[in-house]
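**Student:** Would you be able to build a 3D model of this:
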Amino acid sequence: MKVPASSSPFRKFLRGLTNTCLLLLLPVQLTLAWVADLDQPTRMPDFLTERITAQLAEQGVRLQARRFWMLPDLTLAADDLTLGVDGLTGEVFTAMRVEIALNPARLFAGQIDPTQVRVAGARLWCPASTAHRGVRRPLIDALALDVTKEGRWINLRSFQARAGKITCHLSGELPTKFLRDGAGKPTGRPLARELAEIFATLETAVDVAEHSGGASVTVRCRGRSDGIAELEGLAVLGDGWSDEGLGLIQVRGLNLRGTAKIGGDGDITDWRLEGGAQEFAWRTVSAARLDIRARGQGRREDAVAELTLGQVKFAGAELAQASLSARSVAGGEQIAYRLLSAASSARGTVTLHRAGGAAISIDQAHLASEEIEALPDVRSLLRSAGIDLRGEVLLRDVAADLSPQGAVGRASGEIALAGFRGLGLTAEAISPERPLPLRTRFDFDVNRSAAPLRLRDLRLASVTGDFDCELKAGGAFRLALNGELAPASLDRLLGAWWVDLWRLFLVRENPYASIEVASHWGALTSVTKGRALLRRFDFMGAPFQRVEISVDADAKQTVIGLHRLAGGDTPDGGSIDGTVTWDWSKPIALAGPVLRAEGNLQPWIAARCAGKEFGEALRGLTLPADRRFTLLLSPGARGPEVKTTITCGGEFSAWGVGGRGLEVSTENIGGGLLVRAKLGLAEGEAQLTLEGERFSQTKVSLTLAGCDPGQIGQLLNDMSAPQPKGAPPPLAAKATSPAKLDLRFDGQLDLAQPRQIRGLGRYVLTDPNLKKVRLLGELSKVLEVFGVGYTTYELNQAEGRFGCLAGRAYFPDLAITGPQARLDLAGEINLLDSTLDFEGDFSLPRKSGFNPLELLNLSRTLANLAKIKLKGPISEPKITPIPTLKDIIKPLDKSELGKIPDGILE
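**Tutor:** Sure thing, here's the model as predicted:
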């Protein structure tokens, strides 16, 4: 059987619900009907008041009153009413009298529709759990309210409130729908939390007013016939501030004027707010002038607020003006800012996320270094990082994320710093002619464990590179640089070994370097690798053309490689390869540098490493391509110790004199010089030893064996007059003379003035064509033509002692002998102008036995009576016999010519 529609389950449910509601409402309606017939207030039944308070308690609201009344006009009234909320300590609202008039027609229909609300002697309290100081305090001291509902308007007959020094007055008409229920979306948060936030805001406003000269707020509402209400408001804050340092917003002379339009649907369609203040202070921010402008429409996203601050001070910084413009964006609020100071400017945005945190962007910033250094926190941070700013700082396209606690999470952008000094780098050292800035792009991520801060496309003058580091004490960092680097610019970054290295160099052009440094902040050591190319420089006092340097340094040792170290002023100067090392396990004084090098460097360049004078003195020594050179430099107690060796197996030129088989070793130890040389020279053999602490007082020992005297004379002459730089060395002369010279000399030599030599020596000269002595001068030549040679004698060997002092050579016993004659000479040679002056006796050896005929030999008689005089240039001396009658009768007086000075003998 089909169930009839009237008996279906759904209809039964609706019919039962309706009957229940009518049964519940009927007693109330009957009570109201009874009260309506009375002409005086009637106290409400206890069961009804208990039912109301119980239902409110279920919602977390505590309602209490001394009495509840029902007035004849169906107005509900309560005396000494208190209202509390679970989660907040104590009562939050108290009133001496509260009256709520209800619409009778709607009330009998089962609806509650207030038509009038009157409140007298009301107070609003801030609970102790919410108050800043933890003490319950009143937020509104006195509240009087009389509001009626007339059609579509709410008439504010009287609304007056006083909160400390704040007075508020509202009057006028508002659309009814402006206060409609459910206008806002439910937040889902507890009621206690929402009220706590409201109370905290009100408490701040009250404190601001209490510590100032007071505040007055007046709002006038005017309804129009089209259902739109126009609001005009004025808020004035007093000038006097009685207490400071409370951490509150402090404003003096605040004046706000605002207008708003409320549509008939209760929505705000348009609003504007303008005002200003004489002084403003909030936490560490203060301003001498404040201007406010705000506007908006119905939607939150349309609201825009502009705030302009003048003469702003915060955290040690001073700004001439700060302009802020706030608007709503998706997910939060965005504040555009523009900051101006005496020498700096910045503009960008700050986005405050509703979930917490913020995003900061800097479109462009121009900051003066002196203003940055004035910030205490920033100054301490820069100094701890070893950074010194002496110019301007430019920022562009900077984006940073802040956590809800204010910590920087991520940041990136581009920065340029003029006058940068940091990490041992300075723009002036790299490019002293032009003040170029440091430019780079930076990327910071706090969640990146390895190198949270990264600098890319770093450029400082002509240097480019990258930099990664940790921003904590003792954190690791890595620096890679490429470009022309002034060596001194990395002194502070690389430490003592770098400084010691460049003490060996005198650079005329900045080297082009590619270098990578890894270390920790505050560490005295680092791991360094790289290469550098140098041109036109001096190394240990010697000139060089180019070298490529490799660097490999760590905490244990530092190794510097010298690759193709090309020396001299011309391409034929040769080159060497070597290493410079520091052993950091040894004491600092002995750690290094230790230099080892080998190549085919010319001797004069190697000699310059031991001393400039020594090197210039050896410029005339030119070796062929098969030469080999080694160098060892190590630290010593009195300075660097230098050892060199030079070998050459082939033929070479020494000041135009041919030589072969050169072996030279030099030592410069403890400030002293020791040179040993062995070589084939001038068709003979030569050995030379130089030893001394100063080049002006060098001990010299020279041995010659079988050498051509003519070439030796040319050599001494060229050594005394060094060739100018760049001049080609003199060509080696081919020896054709049969003369041979053996010599041994010991003395002292000034390498800068070799002709000022001092010392003693012996010599033996053998020359078949040494000299012919013609006793009768031109007549002897005539006699030689006719085959008569009795008046002409040949000399082929010379020997004796000599001494040198003050540019002169003294020969006291020069003996020149031949097969039939002997010439004993004494004289001097002027080494400064290469001239000589000798005098001597010519004699013939006696034959054994007595031959009377010898008395008749006129030539022998003349020879025994002859005096010989040699004078003129060394290369072509003039020999003059002087057998005069005066000399026969009275021999020449004893002469001091050729006597060695006593100072040399000592």
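**Student:** Could you find the closest non-adjacent residue to Ala235?
**Tutor:** Nearest in space to Ala235, with sequence neighbours left out and distances taken as Cβ to Cβ, 6 or more residues apart in numbering, is Leu256 at 4.1 Å. For every residue, glycine as well, the C-beta is placed using N, CA and C.
**Student:** and the one you found, bridged to which residues?
**Tutor:** For Leu256, the beta-bridge partners under DSSP bridges are Ala235, Gly275.
**Student:** got the buried residues for the one helix or strand Val398 maps to?
**Tutor:** Using DSSP states H and E, Val398 sits within strand 392-402. The neighbour-count check on strand 392-402 (16 or more other Cβ atoms under 10 Å) flags Glu392, Val393, Leu394, Leu395, Val398, Ala400, Asp401, Leu402 as buried.
**Student:** where's the dip in pLDDT among those?
**Tutor:** For the buried residues of strand 392-402, the model is least confident at Glu392; its pLDDT is 82.
**Student:** For Leu324, see how far away the residue nearest to that residue when sequence neighbours are not counted is.
**Tutor:** What sits nearest to Glu392 in space, not counting adjacent residues and going by Cβ to Cβ, 6+ apart, is Ala418, at 4.7 Å. Separation of Ala418 from Leu324 (Cβ to Cβ, to the nearest Å) stands at 29 Å.
**Student:** tell me the mean pLDDT over stretch 170-187?
**Tutor:** 68.
**Student:** Looks to me like Gly761 is in a strand.
**Tutor:** Yes. Gly761: assigned to a strand according to DSSP: H, G, I helix; E, B strand; the rest coil.
**Student:** is it true that it touches Phe802?
**Tutor:** Yes. Using Cβ atoms under 8 Å, Gly761 is in contact with Phe802, at 5.6 Å.
**Student:** Quick check: neighbours shared by the two?
**Tutor:** By Cβ atoms under 8 Å, 6 or more residues apart in numbering, Gly761 and Phe802 have no common neighbours.
**Student:** Can you name the residues in contact with stretch 522-532?
**Tutor:** Against stretch 522-532 from outside (Cβ under 8 Å, 6+ apart): 473-474, 485, 493-495, 511-519, 548-555, 558, 584.
**Student:** Produce a PyMOL select command limited to the buried residues of these.
**Tutor:** Applying 16+ other Cβ under 10 Å to the contacts of stretch 522-532, the buried members can be selected in PyMOL as follows:
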select buried, resi 485+493+494+495+511+512+513+514+515+516+517+519+548+549+551+553+558+584
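**Student:** so where is the stretch 401-550 of the chain shaky, pLDDT-wise?
**Tutor:** Across the stretch 401-550 of the chain, the ranges flagged by pLDDT under 70 are 422-436, 492-493, 495, 497.
**Student:** Show me where it has its strands.
**Tutor:** Along the stretch 401-550 of the chain, the stretches classed as strands by DSSP state E, counting those that start in this stretch are 408-417, 420-422, 425-426, 438-445, 453-460, 463-469, 476-484, 505-507, 512-520, 527-539, 542-553.
**Student:** Of these, which is nearest Lys871?
**Tutor:** Smallest distance to Lys871 across those (Cβ to Cβ): 44.2 Å, for strand 542-553.
**Student:** Next secondary structure after the closest one?
**Tutor:** strand 557-567.
**Student:** buried stuff in that next one?
**Tutor:** Across strand 557-567, burial judged by 16+ other Cβ under 10 Å covers Gln557, Thr558, Val559, Ile560, Gly561, Leu562, His563, Leu565, Ala566, Gly567.
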